[in-house]
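K.L.:
sequence-free structure coming up:
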Ligand code: PGA
């Protein structure tokens, strides 16, 4: 049995701003948000603005506990790939995290499991932390194939990942039917899939890795439902879209523990 204390998972809460916020809007958000973040918030906080706002965000986040992430990346280090951004370019802007394989990219931009895997390998090679998204559609859930779909997405995303890197990976379970719909998975529905993902990691990489990897829940996370989701044993944080666009709402999500303790 691995020592549980060595595998304590620090909660991670990531904001996925999608195609919202210019550099000026990013600055306005951070000037309001950052002073309200405690110097030791008890959770890791990552904000993923659009590419064009990364530099503005990075400049303001310097010296704060808030980390910078990107929403996508190209797997090549450079070359004739018009409109694309490499892992090295993100690192040069002080990004530490990259969202890989978000369902919007899979559904609207044709990303496949093998493409997601290439991005994972490139991101890790650059020393960045991938937040890889998996999750079933409503049709897949109704057909009873949720766990099979998620298993395939997880396994194919992780092909050939160096074993030294497996613990760094962050997985986000985001049921597609819960994204931007206001329809959150129940804590039970989310926990079932999170546990299944942890079991896959255990089979492939052993207990230590499976107990170390953070598995975030995403899909209509709000200030009101964060604490009950976080009460589930295998939910280690959130990937938050809509509710991360307003400083106070995102702050309430980040401070879910303090709010719960205060009965708010
Ligand atoms: P949502 O988006 O919180 O607006 O549902 C989550 C996501 O797409 O990462």
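P.N.:
Structure's in. What do you need? All of these numbers come straight from a predicted model, not from anything done at the bench. Numbers count the residues shown, from 1 in each chain.
K.L.:
for this protein, which segments count as strands?
P.N.:
Here the chain has its strands, by DSSP state E, at 12-16, 44-48, 66-70, 97-100, 129-134, 170-173, 214-218, 237-240.
K.L.:
reformat these as CSV; add distance to the ligand.
P.N.:
In short, each C-beta sits where N, CA and C put it, glycine included. Formatted as CSV, the strands of the chain follow (distance: least, C-beta to the nearest ligand atom, whole Å):
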stretch, distance to the ligand
strand 12-16, 4
strand 44-48, 9
strand 66-70, 12
strand 97-100, 8
strand 129-134, 7
strand 170-173, 7
strand 214-218, 4
strand 237-240, 4
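K.L.:
tell me which of the ones you listed is the most buried.
P.N.:
Mean neighbours per residue, mean count of other C-beta atoms under 10 Å, is largest over the strands of the chain for strand 237-240, with a mean of 28.
K.L.:
quick one: that strand to chain centroid distance?
P.N.:
On the basis of C-alpha atoms, centre = their mean, to the nearest Å, strand 237-240 sits 6 Å off its chain's mean C-alpha point.
K.L.:
other SSEs contacting that strand?
P.N.:
strand 12-16, strand 214-218, helix 226-230, helix 247-254 (3 or more C-beta pairs under 8 Å, 6 or more residues apart in numbering; DSSP states H and E).
K.L.:
pipe these into CSV and attach mean pLDDT per row.
P.N.:
Output for the helices and strands packed on strand 237-240, formatted as CSV (pLDDT from 0 to 100):
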stretch, mean pLDDT
strand 12-16, 98
strand 214-218, 98
helix 226-230, 97
helix 247-254, 98
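K.L.:
okay if I get these as JSON lines plus distance to residue 241?
P.N.:
Formatted as JSON lines, those follow (distance: least, C-beta to C-beta, whole Å):
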{"stretch": "strand 12-16", "distance to residue 241": "5"}
{"stretch": "strand 214-218", "distance to residue 241": "7"}
{"stretch": "helix 226-230", "distance to residue 241": "13"}
{"stretch": "helix 247-254", "distance to residue 241": "11"}
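K.L.:
looking at those, which is nearest to residue 76?
P.N.:
Proximity of the helices and strands packed on strand 237-240 to residue 76 was assessed by C-beta to C-beta; the nearest stretch is strand 12-16, lying at 23.3 Å.
K.L.:
what's the nearest residue to the residue in the chain that the ligand sits nearest to if we skip its chain neighbours?
P.N.:
With C-beta to the nearest ligand atom as the measure, residue 241 is the residue of the chain nearest to the ligand, at 2.3 Å. Leaving aside its chain neighbours, residue 241 sits nearest to residue 16 (5.1 Å; criterion: C-beta to C-beta, 6 or more residues apart in numbering).
K.L.:
hang on, isn't the one you found packed against residue 104?
P.N.:
No. Using C-beta atoms under 8 Å, residue 16 is not in contact with residue 104; the gap is 9.4 Å.
K.L.:
who in the protein is up against the ligand?
P.N.:
Proximity of the chain to the ligand, by C-beta under 6 Å from any ligand atom, involves residues 16, 174, 179-180, 218-221, 239-243.
K.L.:
which pair in those residues spans the largest distance?
P.N.:
Greatest spatial distance among these (C-beta to C-beta): 174 and 243, at 13.8 Å.
K.L.:
the two: which has the busier surroundings?
P.N.:
Just comparing residue 174 and residue 243: by other C-beta atoms under 10 Å the higher neighbour count belongs to residue 174, 28 against 19.
K.L.:
can you tell me how far the nearest residue to the more buried one once chain neighbours are set aside sits from residue 167?
P.N.:
Excluding its sequence neighbours, the residue lying closest to residue 174 (C-beta to C-beta, 6+ apart) is residue 218, at 3.8 Å. Plainly put, residue 218 is 21 Å away from residue 167 if you go by C-beta to C-beta, to the nearest Å.
K.L.:
ok, residue 228 next?
P.N.:
For residue 228 relative to residue 167 (C-beta to C-beta), the value is 27 Å.
K.L.:
likewise for residue 11?
P.N.:
Note on residue 11: its distance to residue 167, by C-beta to C-beta, is 16 Å.
K.L.:
contact partners for residue 18?
P.N.:
Residues near residue 18 by C-beta atoms under 8 Å, 6 or more residues apart in numbering: 50, 71, 104, 241.
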